[in-house]
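# Take this sequence and fold it.
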Amino acid sequence: QVQLVESGGGLVQAGGSLRLSCAASGRAFNRYIMGWFRQAPGKEREFVGAIRWSSGSTLYADSVKGRFTISRDNAKTTVYLQMNSLKPEDTAVYYCAADYSGSLSKPTYWGQGTQVTVSS
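Numbering: from 1, shown residues only. Got it, this is the predicted structure:
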């Protein structure tokens, strides 16, 4: 069973930075796609970005492109979300997700979420 544990959320002022971590365990992840979603109060959960573990190729939502960067550490089986130039509209609970299918359209595995709050 795959387990995903997020950390690194918190309160930051607009323009600041945060780095979220997602520690993965339970499987060999070389064929997985992993990514980040977020859900703001009163809104639906939305895709933020993803990384293919084997190739390291990444994909981002337009709303975060150029500000957020996803990376992975093979030795630690950890995925990171580096968030720069944060805006109040980035405030949300951020979730790590993973799937073996190569797509995150309906991820099989989810973390518990970590709160990110950006003050203006």
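# Quick check: closest non-adjacent residue to residue 26.
Once flanking residues are discounted, residue 26 sits nearest to residue 2: 4.4 Å by Cβ to Cβ, 6 or more residues apart in numbering. Quick note: C-beta positions are derived from backbone N, CA and C, even for glycine.
# which residues does the one you found contact?
Applying Cβ atoms under 8 Å, 6 or more residues apart in numbering to residue 2 gives the contacts 24, 25, 26, 27, 98, 108, 109.
# Out of those, which two sit at the greatest distance?
Put simply, by Cβ to Cβ the two of those set farthest apart are 25 and 108, 14.8 Å from each other.
# got the residue ranges for the strands in the protein?
3-7, 10-13, 18-25, 33-39, 46-52, 58-60, 68-73, 78-83, 92-99, 109-110, 114-119 (DSSP state E).
# can you put those in a markdown table and add mean neighbour count?
Shown next, in a markdown table, are those (neighbours: other Cβ atoms under 10 Å):
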| stretch | mean neighbour count |
| --- | --- |
| strand 3-7 | 17 |
| strand 10-13 | 13 |
| strand 18-25 | 19 |
| strand 33-39 | 23 |
| strand 46-52 | 20 |
| strand 58-60 | 16 |
| strand 68-73 | 17 |
| strand 78-83 | 21 |
| strand 92-99 | 22 |
| strand 109-110 | 16 |
| strand 114-119 | 17 |
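# For those strands, could you give me JSON lines that also reports mean pLDDT?
What follows is these, written out as JSON lines (pLDDT from 0 to 100):
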{"stretch": "strand 3-7", "mean pLDDT": "96"}
{"stretch": "strand 10-13", "mean pLDDT": "98"}
{"stretch": "strand 18-25", "mean pLDDT": "96"}
{"stretch": "strand 33-39", "mean pLDDT": "97"}
{"stretch": "strand 46-52", "mean pLDDT": "97"}
{"stretch": "strand 58-60", "mean pLDDT": "97"}
{"stretch": "strand 68-73", "mean pLDDT": "96"}
{"stretch": "strand 78-83", "mean pLDDT": "97"}
{"stretch": "strand 92-99", "mean pLDDT": "97"}
{"stretch": "strand 109-110", "mean pLDDT": "96"}
{"stretch": "strand 114-119", "mean pLDDT": "98"}
